[in-house]
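Asks: the following block contains a protein sequence and its predicted model.
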Amino acid sequence: MTNTRTPETGTPAPDTYTGLVLQEHRTAGERVRHALGWTSARFSVIGVWILFVILYAVLVPDTFLTSGAFRTIFGSQQSLVFLTASLLCTIIVGEFVDMSVASNFGLAATLVTVLNVNHGVNVWAAAVIAVVATTVVGIINGLLIVKVGVNTIVVTLGMGTFLLGIGLWLSNLMPISGLPSSFSQIALFEILGLPLSFYLGLILMLGFAYVLAFTPLGRNMRFVGENREVSRLAGVRVTRVRIGAFVFAGVIAGVGGVIAAAGTGGFDPASSQAYLLPMFAATFLGTAVLFPGRFNPIGTLIAIYFLATGVLGLQLLGATSWVSSVFYGGVLVIAVTLSTILNKKSR
Amino acid sequence: MTNTRTPETGTPAPDTYTGLVLQEHRTAGERVRHALGWTSARFSVIGVWILFVILYAVLVPDTFLTSGAFRTIFGSQQSLVFLTASLLCTIIVGEFVDMSVASNFGLAATLVTVLNVNHGVNVWAAAVIAVVATTVVGIINGLLIVKVGVNTIVVTLGMGTFLLGIGLWLSNLMPISGLPSSFSQIALFEILGLPLSFYLGLILMLGFAYVLAFTPLGRNMRFVGENREVSRLAGVRVTRVRIGAFVFAGVIAGVGGVIAAAGTGGFDPASSQAYLLPMFAATFLGTAVLFPGRFNPIGTLIAIYFLATGVLGLQLLGATSWVSSVFYGGVLVIAVTLSTILNKKSR
Amino acid sequence: AVALSLAACSATDDKAASTPSTSAESPALAALADLQKPLDAYPVPTEPIEGVDADKGGTLYYIPITQQSPEFAVDQAGVEAAAAAVGMSVQVCDGKGTPTEVSACIDHATNAKAAGIILDAVPYDIAANSIAAAQKAGIPVVIGNQLADDRHPSTPTFTYTAVSGSAQQEALARWVIADSDGKANVLMNVTTDGQSQIQYAADGKKVFADECSGCTVATNEVSSANFSQVPSSTSSALLKNSDTDYLIVEFAQFLQATQSGVQNAGASGRITLAAGSASLNDIKAVASGSVGAATAQASAFVGWMYVDATLRLIAGQSVPEYTIPIRLFTKDTMGDVQLTEAAQESGEWFGPTTFTDEFKKLWGVA
Amino acid sequence: MTFANNRVLRDVAIEVRPGEIHGLVGQNGSGKSTLAKVLTGLYHPDPGTRVSVDGTELKLPVQPREARERGVAVVHQSLGLFDDDTVLENLRIGRHRASRVLRRIDWKHERAQARAVFERLGRDIPLDARVGTLREEQRATVAIARALQDATPGRGLIIFDESTRALGRPSLEHFFRILDDIVQTGTSVLLITHRLEEIIDAADRVTVLRDGRIVEMGRSVEGLDEAALAELMLGTTLTHEVRGHASTMDAAARPITVAGLHGGEVADASLQVRPGEVLGLTGIAGSGYDDVPYLLSGVTPPAAGSLTLSGGELGLHSLTPGDAIAAGVVLVPEGREHAGLAMGMSVQENTVFPQTSRARAALKPFARSEERAQVADWIDRLDVRPPDPSAIVGTLSGGNQQKVLLAKWLAMDPELLLLHEPTQAVDVGARQTIVAAVRAAAASGRAVIVAGGDENELSLLCDRVVVFEDGRVSRELTEDLTPENIVRAIYTQQGRSRLRARSTDPSMNEEEKKEQSL
Ligand SMILES: Nc1ncnc2c1ncn2[C@@H]1O[C@H](COP(=O)(O)OP(=O)(O)OP(=O)(O)O)[C@@H](O)[C@H]1O
Ligand SMILES: Nc1ncnc2c1ncn2[C@@H]1O[C@H](COP(=O)(O)OP(=O)(O)OP(=O)(O)O)[C@@H](O)[C@H]1O
Ligand SMILES: [Mg+2]
Ligand SMILES: [Mg+2]
């Protein structure tokens, strides 16, 4: 957003994130309500999560309160973690939703499998090639959007469709598999009952959060995302930061894709589009967690596992697929709406 | 466009980015190039369209140069026309991509069929109910986004998923059909070899374009999209315009859905998501036609039929399905990139 | 073996009431005639299973490739009924059409120590690792609605069950031949989503090649990945083969999209549609005459078959060659078929609904 | 320097000596800001450009980072601040130092740095306050501080692009005291401004840009006066930059009265203005004078108050902009980009927008040709350049945008015209046109209220000036409205002293040069 200060009145516009304006003059009651709003705006989703857990624990204890259910929730969301991380990269520097992430992810997964299985390329080499490919995609996105100045959605949407086509061509429209099981260890190797890929995703997100919160790079990214022109005037190397974000998005999507392929032993390129929805849902739901109104990795991570819990529970309760769509949609709208309202209140 | 000399100094006033000012310093060559850039920025897509037509006419004359091919191109895109029109409604007033359009469209199509076939409601009544439902969805979107101030994508994405679920529930996950053939006439009744629905779509888009270009309402919409504060200071009821846009988006999506259902005699709710991609592709490709960088109905209409032509031709040439994905993506990126560059040049 | 003999004898019995549409008396046509009415008895296996009651309380995991597709709903109902009969519970997990989701579902089943895993229309490939893991954990895995993949052969804890895809395509082909008196210009909308689907269509094509010298067959590839392009690709295929008079839709899920394609090409008048893997709605379309013929498989039976196969794997017994009953529906031969969801789920379209009792007998839980 | 096909700087060579304050003046759009941006690497100059600092040449295009390391700092015309972030963050953005291994920001160090700068500036602004909550003047100070921290004493060049426009008189004088200290050290200052007084009083030498060309390079300001300087800028003798208009007030007509106005920082203000009269409102920042126009036009809903027009009384409470316009009250707001004009639209559309914006028949097509004629007329009256109704407003220079904004509201033929800082950041030429247009409006019987902090502007425009204090009218000036008197009235304690008491002439020894030619 640009200058949110309203010249008419000279009074500051309410802050977009942490509403610290006008806190000075407030009565005790107000302060309490403010504190309440402040907390709930940040932790309501987590609260609801706990509620769900309790609910399911009561309704279907014998299936839900099992290590199996636990592992399902936390061991099955890696693809989403990588996808959302990749998406966040560009969203945080202020580029609107990168639509090519899912296809790029699919490209990597398809490439590594096709190269290894159909063309006998060494699997590690294939993995590297796959990641390089997705990185190149990121670079192209970046150049077109930042240097040439083409609309972000156009480029990424087009690129996404294009890559989907390429993926289908590579695999010739069919699911493929046959990666060596040794390779699958990079995803499935078990630590404390959870697959390695879970920890990789965790590390990725935590690292991401650290960079954003504590390092100059992170601050510059946030500033660029807040206002490009002002950042440039303030001496940030805007172009470099923006292009960098796209490149990183490519890398992350690639690594995620390779890990996903390793995990399942193959991939079905036609399916990559199916990730779009849960990916966006989690990313945006993340803006209702911890930092209301602000895209943030930890929030997204929580959102992912929150949604996973909800859907698993519903399945254990025997709901059909339309229910989970309704759940996804409903939760997304309600949660973000609430946190928006609460956050306004907490001003 | 004239260029000026400031009376005092006799040198041209360097007042614009547009370079017009300095035209007199331009060589003829430069002026030609400028004019070329200007034209090509606007008409390149149309040019490419014609090229495609010629190309296909040469390659596959006996199948492409038939009334059948013509019908297929112009008689098959109504759903897309209505969807993009609905999308444009909100984009023009500055709301970012409404993700719920496709599902809303699907909701209408499903409702009218389910109500009529499964619950024996009179088909016309069912149609009205369907449109009312989608309108309500539009209103809810509008209120949440404009009044409560929730992020547009969150609301529409969530709403879209939610509606998808509802649609699947209504139809109980099955494609449904069985609308009376009399009703199908509102879509299929033939005029000059093209179905009525084609003309309805055409009228819709032309009307839309007219409103935007020549009426106060349209001007207000564009100003609101351009700068809300300026519009407010000029006495425009900004909130009303924005909510109105969402409501209309709902109505158009609803009517489109009903017509689509009438055309096929039913609907497959699971399929509504398949429209998302072509819908965005056409809408954004439209920004590369006639008014570079601006969303405009006519441009979108042209883009739709351009893409339809390209894809049909490829299929006539025997390309498999992945080719058309590549085509869609490639064309989108290349066309918009070119028009962006040319448009910069023509400054 | 059992199933085959059954089919044969039923064939002989019904010689008298032969098909109205055709004159010639070839075995093919006789078979075609039989396909148009319910069986006298479902082809239930004969070999009983020991110690089924030991399985009481276990949980079966039913994992369809995606729940957003009607036929699986009926399969699921069958599985649930059958499991209930032996006192097992069923946990459904939606594959959502993505490898990761399917794998997640299988892993979940493995983690939860499932009594057995039933994969409906899931290609081995998209979840290879998870399936392997499940077997390593000693959990029986049954794959249905998929042709056996030679690279992953059956094992004592893993098996494929019969499919009816080829039979349906062949039936449709024969019907077209008969209906056109051997002079059909056919377009087939072939689904390329997986190896199995392609094979079914190939078998259908073969029938035309072998049994109809006067027929031409063209194909148009469609896939879920490009659902939005089914209409236009159908149109273009029709433009390319302007003399087409029969259009076979391999999977009825593409029927509507195909119909719009036909409309757009302005060919509605001259084309007779036929669809495979039909569900209630498509058969209604047949009844209304907008579709010439449709084949469907006895999904309710399929559900019981899955469970039967699973129980056999659990009991360590060999799994027999099942046959899934199919039926060819045409407007004038479907008679008084009940077009209701209840009827569809009971399986009464295909034969006496008593087959459930026969299964129960086999399992010793009657 | 060329944008697309528009060359905005042509063969500009400028040399700033060490330890001098070098003024840079020119009309709107003459290229001053662009020059500043080229020097700091934001824009890429055309080939053949040379930039050298302290004798050593920079490689082109200037990399923002390198420029900064060489001590070239700039305070941009649009300050470049993040309103949602704290003073500290704004001050240190792009300059953070990260720890070795963890790449963490050391906030202790950052704070220390920030404090140091503010000490040098002799200003104390809470480091954790959000910049959005600061007054314009404090904001300017933050931006200036950010530039200062990059400047190492004794070398480099600091560029101030109209940084002083928002500074009130006392801060202005303080600001130049600081500049004096800075140049003492040998660091040079390039001062871009439209307040010619600043050049005359404070600069050592001045360079004049016209249409992207140099007309005067480094001419000493000795013996220059504002008129002469203006003449250099415009290339014409300026008839007058002093007020020379006869009062057009129609004493007979019923006055427009504002009673019991509350809201914003205004606490119970009452005013009267007669048709044909131009009333000026002023005061120190925060006195509330600048809220009045927005309250009277319903843009910020007032708490209470009434406005009596010829048509009768208008309850201000719950007044909407629409109602106000309908009643003949229009507002020319400050801040063109934010509230004034839709930058992406054409001059024509912007000009006629208010006339159709409240149309009853929202679907009745408007008369394009009439609109065009009307717009052409206004372009002609206000001398908008280029005189092309279809030009995109965003591509006009500041002065011309301001003219379009004025035309947009004058075209509504209002009964009461409200203006806020109508000539801020506008060159003398444009300022004259605008003043003339406003006077003309008054002459044709409209009542005009101008809120502004620029004494020169007020003295040019107004028949009468009221000074606000704590949201109330405290003083009123009726005759001889010289800038001096106005300032004295605003800052009762002290009047206008010379901006910079020049210290001993800057050391001209060891001839370093910061030169640049485009
Ligand atoms: N000739 C030009 N006309 C208009 N704008 C320009 C021109 N050259 C550069 N710019 C603008 O100046 C900005 C700065 O350019 P540059 O590529 O140096 O970015 P940056 O922020 O310095 O990043 P980096 O230093 O990493 O390249 C560009 O984003 C571009 O928009
Ligand atoms: N980013 C840009 N792209 C294209 N043209 C530009 C850009 N910035 C400025 N211009 C043009 O360059 C010329 C010089 O602009 P600049 O801002 O330097 O003028 P200025 O002297 O600073 O005017 P002001 O006194 O209003 O600040 C103007 O004609 C302006 O329209
Ligand atoms: Mg400027
Ligand atoms: Mg400037």
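Replies: Nice, I can see it. Ligands and ions are numbered 1, 2, ... in the order given.

Asks: and for the spatially closest residue to A:Gly329 that is not a sequence neighbour, the neighbour number?
Replies: The shortest distance from A:Gly329 to any non-neighbouring residue, by CB to CB, 6 or more residues apart in numbering or on different chains, is to B:Phe162 (2.9 Å). Yep, even glycine has a C-beta here, placed from its N, CA and C like the rest. The number of residues packed near B:Phe162 is 24, by other CB atoms under 10 Å in any protein chain shown.

Asks: for B:Phe162, what is the enclosing helix or strand?
Replies: B:Phe162 belongs to helix B:152-171 when assigned by DSSP states H and E.

Asks: what packs against that helix?
Replies: helix A:276-285, helix A:321-345, helix B:101-113, helix B:123-142 (3 or more CB pairs under 8 Å, 6 or more residues apart in numbering or on different chains; DSSP states H and E).

Asks: dump the C-alpha coordinates for it into CSV.
Replies: What follows is the C-alpha trace of helix B:152-171 in CSV, where atoms were taken according to Å, rounded to 0.1, in the frame of the first residue of the first chain:
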residue,chain,number,x,y,z
THR,B,152,-10.6,-9.5,-1.8
ILE,B,153,-8.8,-12.6,-2.7
VAL,B,154,-9.4,-14.2,0.7
VAL,B,155,-13.2,-13.6,0.5
THR,B,156,-13.6,-14.6,-3.1
LEU,B,157,-11.3,-17.6,-2.9
GLY,B,158,-13.0,-18.8,0.2
MET,B,159,-16.4,-18.1,-1.2
GLY,B,160,-15.5,-19.9,-4.4
THR,B,161,-14.4,-23.0,-2.5
PHE,B,162,-17.5,-22.9,-0.3
LEU,B,163,-19.8,-22.6,-3.3
LEU,B,164,-18.0,-25.4,-5.1
GLY,B,165,-18.8,-27.6,-2.1
ILE,B,166,-22.4,-26.5,-2.1
GLY,B,167,-22.7,-27.2,-5.8
LEU,B,168,-21.3,-30.7,-5.3
TRP,B,169,-23.7,-31.3,-2.4
LEU,B,170,-26.7,-30.1,-4.3
SER,B,171,-25.9,-32.4,-7.2
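
Asks: what is the orientation angle of that helix with helix A:276-285?
Replies: 130 degrees (axes from the mean of the first three to the mean of the last three CA atoms, to 10 degrees).

Asks: what about helix B:152-171, average pLDDT?
Replies: Taken as a whole, helix B:152-171 has a mean pLDDT of 90.

Asks: what angle separates it from helix B:101-113?
Replies: Relative orientation of helix B:152-171 and helix B:101-113, computed by the same axes, to 10 degrees: 20 degrees.

Asks: after helix B:152-171 comes which helix or strand?
Replies: Later in the chain than helix B:152-171, the nearest helix or strand by DSSP H and E is strand B:176-177.

Asks: that next one pairs with which strands?
Replies: In the sheet, strand B:176-177 lines up against strand B:266-267 (antiparallel) (DSSP bridges).

Asks: can you list contacts of the partner strand?
Replies: The contact list for strand B:266-267 (CB atoms under 8 Å, 6 or more residues apart in numbering or on different chains) reads B:106, B:109-110, B:113, B:117, B:171, B:175-179, B:257, B:260-261, C:256, C:281.

Asks: can you name the two of those residues that are farthest apart?
Replies: By the measure CB to CB, the contacts of strand B:266-267 have their two most distant members at B:Gly257 and C:Asn281, which lie 18.4 Å apart.

Asks: more neighbours, these two?
Replies: The neighbour comparison of B:Gly257 against C:Asn281 (other CB under 10 Å) goes to B:Gly257, with 34 against 24.

Asks: in a strand, that one, correct?
Replies: No - applying DSSP: H, G, I helix; E, B strand; the rest coil, one finds B:Gly257 to be helix, outside a strand.

Asks: before I go, just wanted to say thanks for your time.
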